[in-house]
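>>> Take a look and give me a structure for this.
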Amino acid sequence: MSKPRIIFAGTPEFAAAHLAALLAAEIPVSAVYTQPDRPAGRGRKLQPSPVKQLALEHNIPVYQPTSLRDETAQTELQSLSADLMIVVAYGLILPQKVLDMPRLGCVNVHASILPRWRGAAPIHRALLAGDAQTGVTLMQMEAGLDTGPMLAKVTTAISPTETSGELHDRLAEIGSAMLVQQLPALLKGELVPEIQDGSLANYADKLEKQEGAIDWTLSAEEIARQVRGLNPWPVAYTRLDGNTVRVWMAEAAENANSAKPGTIISTSKQGFEVACGTGSLWIKTVQLPGKKATEAASLLNSNTHPFQTGTRFE
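Next up is the predicted model:
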């Protein structure tokens, strides 16, 4: 049997981890699709995506159409005569004509236990919602957004202290291993599709910067989830004396208190404790304007910090 012609489509680090796993397993990838280079950094120079960088290192042809609805791009893709297209966080919509091109169609590795979180930010939404577990799903793609039949799943518990960045890296490892493990059976047509129950689906909206604003009238647990779910981007924040203070790490406590929400009620080696609508929040790592993120306990040892007991965040 001849080697299958596999196309890989992906863009960010999460996708690059899956491409790296395929290459490490010596699974041939005949072409890579990724989004066009984007300006980045202070100089706003065009930067290739992590997937493109990896592909070029392994001498894999790279294609970067701005859209796959374009007839020229579709003709180019058709000419590759793919058996399978593996899609991981690509970022472009695949129209039905493209989905039908590979002999075995297109499959997607999605960072959620479908149908729980469909859409752009499943990792963050799982943390923000307080989910006890998440995972990855291998799915046969169809025209709907993350609605296709499920081919394989791996679940994992979410640690009570895990940030979205940490969970992202862990799911990238889990998804990569699952893809490599399931690919032989997929190519042989041995995976049994499971139809999703759409009534259980939630849409994982793309994150917006304003979601970082802390509402101190919420419970300590909700705010702690916000801090973890928005780390490393866009990062939870609050205001003090007109300045933005970013909160990178925090932990909820069930300390009953009568202070107004947002008031610092104590300081210790743990950091400083802030009253919430219910309970209190221990802030462990904080970032002042123009400064680097610092452990709150270290700041409290200085004479210039603004975090005094009785001080209230806006």
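>>> Show the low-confidence segments of the stretch 151-300 of the chain, by residue range.
When the per-residue scores of the stretch 151-300 of the chain are filtered using pLDDT under 70, no range remains.
>>> What segments of it are strands?
If you assign secondary structure with DSSP state E, counting those that start in this stretch, the strands in the stretch 151-300 of the chain sit at 202-204, 236-240, 243-253, 264-268, 271-275, 280-287, 294-295.
>>> among those, which is the most enclosed?
Ranked by mean neighbour count under mean count of other CB atoms under 10 Å, the strands of the stretch 151-300 of the chain are led by strand 271-275, which reaches a mean of 25. (Each C-beta comes from the backbone N, C-alpha and C, glycine too.)
>>> Just checking: what are the partner strands of that one?
Strand pairing for strand 271-275, using DSSP bridges, gives strand 264-268 (antiparallel), strand 280-287 (antiparallel).
>>> out of these, nearest to Leu68?
With distances scored as CB to CB, the stretch of the strands paired with strand 271-275 nearest to Leu68 is strand 280-287 (39.7 Å).
>>> element containing the closest residue to Lys3 other than its chain neighbours, please.
Nearest in space to Lys3, with sequence neighbours left out and distances taken as CB to CB, 6 or more residues apart in numbering, is Pro28 at 5.2 Å. Element membership of Pro28 [criterion: DSSP states H and E] is none; it lies in no helix or strand.
>>> Show the contacting residues for Pro28.
Lys3, Pro4, Arg5, Ile6 (CB atoms under 8 Å, 6 or more residues apart in numbering).
>>> From those, pick the one nearest Thr72.
Here the nearest of those to Thr72, counting by CB to CB, is Arg5; it sits at 20.7 Å.
>>> and the closest residue to Ala25 other than its chain neighbours, what is it in contact with?
Here the nearest residue to Ala25 in space, its sequence neighbours aside, is Val180; by CB to CB, 6+ apart that works out to 4.7 Å. When the contact criterion is CB under 8 Å, 6+ apart, the partners of Val180 are Ala21, Leu22, Ala25, Ile27.
>>> Grab the most central residue of the chain for me.
Central residue check for the chain by CA atoms, centre = their mean: the C-alpha nearest the mean position is that of Ile123, 4.7 Å away.
>>> Pipe the strands of the stretch 151-300 of the chain into CSV and attach distance to Leu104 per row.
Compiled in CSV, these are given as follows (distance: least, CB to CB, whole Å):
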stretch, distance to Leu104
strand 202-204, 27
strand 236-240, 43
strand 243-253, 44
strand 264-268, 59
strand 271-275, 53
strand 280-287, 46
strand 294-295, 51
